[in-house]
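A.B. asks: show me how the following folds:
(one chain, ligands or ions: 2)
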Amino acid sequence: MDKKYYILTFGCQANERDSETIAGILEKMGYVFAAELSQADIILFNTCCIREKAENKVLSQVGELKDLKAENPDLIIGICGCMVQQEKVAEKIHQRAPHVDLIFGTHNLDQLPELIKRIEETKTPQTQILSDLQEIREGLPVIRGVPFKARVNITYGCNNFCTYCIVPYVRGREKSRELQYIVQEVKDLVADGVVEVILLGQNVNSYGKTLEPPVTFAHLLEQLNAIEGLKRIRYLTSHPRDFNVDLIKTISGLAKVCPHFHLPLQSGSNQILQKMNRGYTREHYKELVETVRQYVPSASITTDIIVGFPGETDKDFQDTIDLVEELRFDSAFTFIYSARTGTPAAKMSDQIPLTVKKTRLQQLMQVQNQISLAINYQLKGQVVKVLVDGCSKKDQEILEGRTATNKSILFPGPKELIGKFVEVELTDPQTWILKGKLI
Ligand code: SAM
Ligand code: SF4
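C.D. replies: Ligands and ions are numbered 1, 2, ... in the order given. Predicted coordinates for the structure are as follows:
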């Protein structure tokens, strides 16, 4: 009987994409997907360490597998992803969870077959963690979650070193993929039935700067926009530092590039932005948003905001609230600052008490939720084009899809529409989702 695998993925789209490669490698080795964790011969945790909460969640779930491992000693339990790239974490895992057989880093995916073979042959745990990517490995196998949408890496790592962020330490220095590999991959994906691609990078706007000869993100978008059969192009994430009017103009002229701009603000206070090493001011950010709205009037704009960064005063926080009220984002991911060992902000003396951080988060969410609802409410009665992603998790009779502006739309409809573009009339807009009916 075929051996089965189960992967639990935590964190961002970069991790989701890595899990697709891990699945591809395992399937090439002959493993098949296990519908349930208890049926698996190998269970992998692809981890995140962006905030402390993410790490604790993984460790407690790994702990719960102790009994399963005792019942089935041949079961391989592995931990990979960002968490294990941190200093001394592999040792910590070995101590806290001795039933873990395999630990491998974000730059070691291609070594998975060799590591599994060694565990099977020697019955000893294996650890393999490279601190940085030597060279981009092209052509690794991939298993996509859905046949019609695909995530495509364009850069790996990050050079920005925002003072709160662990990503540059666990994902290494920024490296861009060669333009021709990306274009070829997207052409192959389209030939395989993909209609929407999501380009991934921590700062997509700096794509190609270190390539020989250099290439711009705008040029990459133009090349991809020309691929016949491709319908939508998304990208994550734009760093405001490298986002500029030329890029906005290019995007406004490319029909397939979605009018959705995710531009993480992080804070509305210039003092905090500087301490965060974000490389822009609130005035510059405001200008960018105004330029987006000028060239792409249909644009939705979303953001990320951190509350309770060290030294954030009531006035700094009020600056964030004021800017949020002024700019009126379609939605925002809001986070409580989490100190990450090894980052400069974790060593700053003026850490904010958790109670204050929680109160600020609540206040910010309340303000943003009202804005999101008001913006969505204006869409009532409109007909929007939706790519149907699948059934709603709560109700199999309800379909879920996204507009080009990345709004989540729910409506009753048959499963045959999954993967297709449909028109939906919006009847009941809410804060996070919009309900409607199929036209
Ligand atoms: N590269 C993207 C950028 O700069 O916009 C962000 C990538 S990060 C995976 C996603 C979000 O996590 C960030 O935008 C930030 O708001 C949040 N984040 C990162 N480090 C954090 C920390 N230490 N505490 C709380 N939130 C954090
Ligand atoms: Fe982290 Fe800043 Fe890099 Fe984004 S740009 S991954 S927040 S260091």
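A.B. asks: residues contacting Ile352?
C.D. replies: Contact partners of Ile352, counting by Cβ atoms under 8 Å, 6 or more residues apart in numbering, are Gly308, Phe309, Pro310, Gly311, Glu312, Tyr337. No exception for glycine: its C-beta is placed from N, CA and C like everyone else's.
A.B. asks: count the residues that sit near Ala14.
C.D. replies: If you count neighbours by other Cβ atoms under 10 Å, Ala14 ends up with 24.
A.B. asks: number of nearby residues for Leu221?
C.D. replies: Leu221 has 22 nearby residues by other Cβ under 10 Å.
A.B. asks: right, and it touches Ile251 too?
C.D. replies: Yes: if you go by Cβ atoms under 8 Å, Leu221 and Ile251 touch, sitting 6.7 Å apart.
A.B. asks: ranges for the helices of the stretch 51-200 of the chain?
C.D. replies: Counting by DSSP state H, counting those that start in this stretch, the stretch 51-200 of the chain has these helices, from start to end: 52-63, 66-71, 89-96, 112-122, 167-171, 179-191.
A.B. asks: which residues touch the longest one?
C.D. replies: Think helix 179-191. Here helix 179-191 makes contact (Cβ under 8 Å, 6+ apart) with 138, 150, 152, 154, 194, 197, 199, 208, 211, 215, 219-220, 223-224, 227-230.
A.B. asks: quick revisit: from the helices of the stretch 51-200 of the chain, which stretch is densest packed?
C.D. replies: Comparing these by mean neighbour count (mean count of other Cβ atoms under 10 Å), helix 167-171 ranks first with a mean of 21.
A.B. asks: is that helix positioned near ligand 2?
C.D. replies: Yes: using Cβ under 6 Å from any ligand atom, we find that helix 167-171 touches ligand 2 at Val167, Pro168.
A.B. asks: next: stretch 105-117.
C.D. replies: No: if you take Cβ under 6 Å from any ligand atom as the test, stretch 105-117 misses ligand 2, and the best it gets is 13.2 Å.
A.B. asks: chain center to that stretch: distance?
C.D. replies: 22 Å (Cα atoms, centre = their mean, to the nearest Å).
A.B. asks: now the end-to-end length of it.
C.D. replies: Distance across stretch 105-117, first residue to last, is 17 Å (Cα to Cα, to the nearest Å).
A.B. asks: stretch 42-51 now?
C.D. replies: The first and last residues of stretch 42-51 sit 27 Å apart, counting by Cα to Cα.
A.B. asks: around ligand 2, which positions in this structure sit nearby?
C.D. replies: Residues of the chain lying close to ligand 2 (Cβ under 6 Å from any ligand atom) are Cys158, Asn160, Phe161, Cys162, Cys165, Val167, Pro168, Gln202, Asn203, His239.
A.B. asks: neighbour-wise, give me the winner out of those residues.
C.D. replies: Neighbour max across those (other Cβ under 10 Å) = Cys162, 24 neighbours.
A.B. asks: that one contacts Gln266, doesn't it?
C.D. replies: Yes: look at Cys162 against Gln266 with Cβ under 8 Å: they come within range, at 7.5 Å.
A.B. asks: pull up the overlap in contacts between these two.
C.D. replies: Met276, Arg278.
A.B. asks: give me the buried positions along stretch 14-25.
C.D. replies: For stretch 14-25, a neighbour-count test (16 or more other Cβ atoms under 10 Å) marks Ala14, Asn15, Glu16, Arg17, Asp18, Ser19, Glu20, Thr21, Ile22, Ala23, Gly24, Ile25 as buried.
A.B. asks: centre of the chain to that stretch, how far?
C.D. replies: 13 Å.
A.B. asks: that one near ligand 1 at all?
C.D. replies: No: contact of stretch 14-25 with ligand 1 (Cβ under 6 Å from any ligand atom) is absent, the minimum separation being 7.7 Å.
A.B. asks: and for whichever residue of the stretch 201-350 of the chain sits closest to ligand 2, nearest residue in space, chain neighbours not counted?
C.D. replies: Nearest residue of the stretch 201-350 of the chain to ligand 2, counting by Cβ to the nearest ligand atom: Gln202, 3.9 Å away. Counting by Cβ to Cβ, 6 or more residues apart in numbering, Gln202 lies nearest to Cys158, which is 3.9 Å off, once chain neighbours are set aside.
A.B. asks: the strands in the stretch 101-250 of the chain, which residues?
C.D. replies: 102-104, 126-128, 149-153, 155-156, 175-176, 196-200, 232-236 (DSSP state E, counting those that start in this stretch).
A.B. asks: want to throw those strands into TSV with mean pLDDT, distance to Asn376 and mean neighbour count?
C.D. replies: As requested, the strands of the stretch 101-250 of the chain are exported to TSV (pLDDT from 0 to 100; distance: least, Cβ to Cβ, whole Å; neighbours: other Cβ atoms under 10 Å):
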stretch	mean pLDDT	distance to Asn376	mean neighbour count
strand 102-104	96	42	23
strand 126-128	94	47	18
strand 149-153	98	23	21
strand 155-156	96	32	24
strand 175-176	96	36	22
strand 196-200	98	22	21
strand 232-236	97	20	21
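A.B. asks: quick check, Gly390 in a helix?
C.D. replies: No: if the criterion is DSSP: H, G, I helix; E, B strand; the rest coil, then Gly390 is strand and not within a helix.
A.B. asks: that one touches Ile418, doesn't it?
C.D. replies: Yes: because the distance of 5.5 Å satisfies Cβ under 8 Å, Gly390 is recorded as touching Ile418.
A.B. asks: between these two, who's got more neighbours?
C.D. replies: Neighbour count, other Cβ under 10 Å: between Gly390 and Ile418, Ile418 has more, with 18 against 14.
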